[in-house]
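[1] Have a look at this prediction, sequence included:
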Amino acid sequence: MNYKRKLLSALVASVLMLSACGGPQLVDDSKVSDEDKVQLDQEYSFTVGTSSSGGTVYAVGAGISNLLGERIEGLSMRAVATGGAVDNIGLMEKGEVQFALNAANTNFMATEGTLSGMEKQDNLRTIVSLYPSVIHFLVSKESGITGFDQLQGTSGSVGAAGSASECYSEDILSYYGYDYRNANDVEPVFTSTSSAVDLFKDGHIDWGFFPLGVPGANVMDLCMSGKVNILPIEGEDRDNILEKYNYYVPYTIPGGTYQGIDNDLDTVACAVILTCDESVDEEVVYQITKTIWENIGDVQMIADSLKWMTQETATSGLGAPMHPGAERYYKEIGWIE
């Protein structure tokens, strides 16, 4: 019990840092009665890989782990800070984490064997799509760029080298016919989204990919500066991208979300996925999936971004095969065949 108290205190401390800006909120589990809890046939203890501490991925992972541990008797889940999705893949391969919150594209590349420095990961299984990392493609107004066909010879931010953001950038640019490794096409700038804000303001880049939740603070900052536009990914192009890359999902940014962007803006998003190792017991994953959806109101109290979770998004853009336990639950309630 002392361990649980310490864990809860640590989680509350991490969440309070984000609460002032509408960040994740913990559920009041003191209201959960024993008869409402699921009972497993034995004790299970798991580690959940997230991302850097203080970020949304970590706070969501910690909140969900706490909720599941409280609602399922015999289950202990401990969220840990990691280097992110690629790091989580390696940690899971070594058996150091059994669950993780991964970007769907990282899941896909891991199972396809295309993650740099890693062998094909046949052990990855998915449970549920949690929330979208939405692709915002920003262009400098001074550049005069109004479409993807005008990027030749320009420079832009593609995310930090080796990051999920860089993978998004490569996908979208390659679809439009650009190879950013060829300086004759476009000149890539490898940097974080926060650093890209300053590069935009100082006039050092023409465009940039900002994969963020909506609304994204960095995008809000730039839109308020009046220096950028957001280009849509829409129509046939969006349909083709969704068909080519099965880990993307459609997303529409509502008009008025960002200053100066009054109309709805179509784009694509890559979801953050609750992922696990194939070795996790089927019944455990079944109960985890069931508990998440039977307590979806409380789950969505953890972070505003989780309000995206619906029947339609539950199994979309997972990027890797579904765990049999999750599949059993979704078939049981008629969400998949």
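    Perfect, thanks for sending it.
[2] which non-adjacent residue is nearest Tyr168?
    Pro211 (5.3 Å; CB to CB, 6 or more residues apart in numbering). For the C-beta atoms, the positions are set from N, CA and C on the backbone; glycine is no exception.
[3] do Val272 as well
    In space, and not counting its chain neighbours, Val272 is closest to Leu130: 5.0 Å by CB to CB, 6+ apart.
[4] Report the buried residues of the helix or strand harbouring the one you found.
    Using DSSP states H and E, the element containing Leu130 is strand 124-140. For strand 124-140, burial by neighbour count (16 or more other CB atoms under 10 Å) applies to 124-140.
[5] Distance check, the residue nearest to Val272 against Gln300.
    Noted for Leu130: a distance of 10 Å to Gln300, by CB to CB, to the nearest Å.
[6] Can you check which residues contact both of those two?
    306, 309 (CB atoms under 8 Å, 6 or more residues apart in numbering).
[7] Tell me if I'm right that Gly90 and Met118 touch.
    Yes. Between Gly90 and Met118 there is a contact under CB atoms under 8 Å: 6.8 Å.
[8] quick one, which of these two is more surrounded?
    Using other CB atoms under 10 Å as the criterion, Gly90 and Met118 rank with Gly90 on top: 18 against 14.
[9] how about that one, what does it touch?
    Applying CB under 8 Å, 6+ apart to Gly90 gives the contacts Met118.
[10] a helix runs through it, doesn't it?
    Yes. According to DSSP: H, G, I helix; E, B strand; the rest coil, Gly90 belongs to a helix.
[11] can I have the helix or strand hosting Glu170 written out in CSV, keeping just the CAs?
    Assigning secondary structure by DSSP H and E places Glu170 in helix 164-175. These are the backbone C-alpha positions of helix 164-175, laid out as CSV (Å, rounded to 0.1, in the frame of the first residue of the first chain):
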residue,chain,number,x,y,z
ALA,A,164,9.0,10.1,-35.7
SER,A,165,8.6,13.6,-37.0
GLU,A,166,11.3,13.1,-39.6
CYS,A,167,9.5,9.9,-40.8
TYR,A,168,6.3,11.9,-41.2
SER,A,169,8.2,14.5,-43.2
GLU,A,170,9.8,11.9,-45.5
ASP,A,171,6.5,10.2,-46.1
ILE,A,172,4.7,13.4,-47.2
LEU,A,173,7.6,14.9,-49.2
SER,A,174,8.2,11.7,-51.0
TYR,A,175,4.5,11.4,-52.0
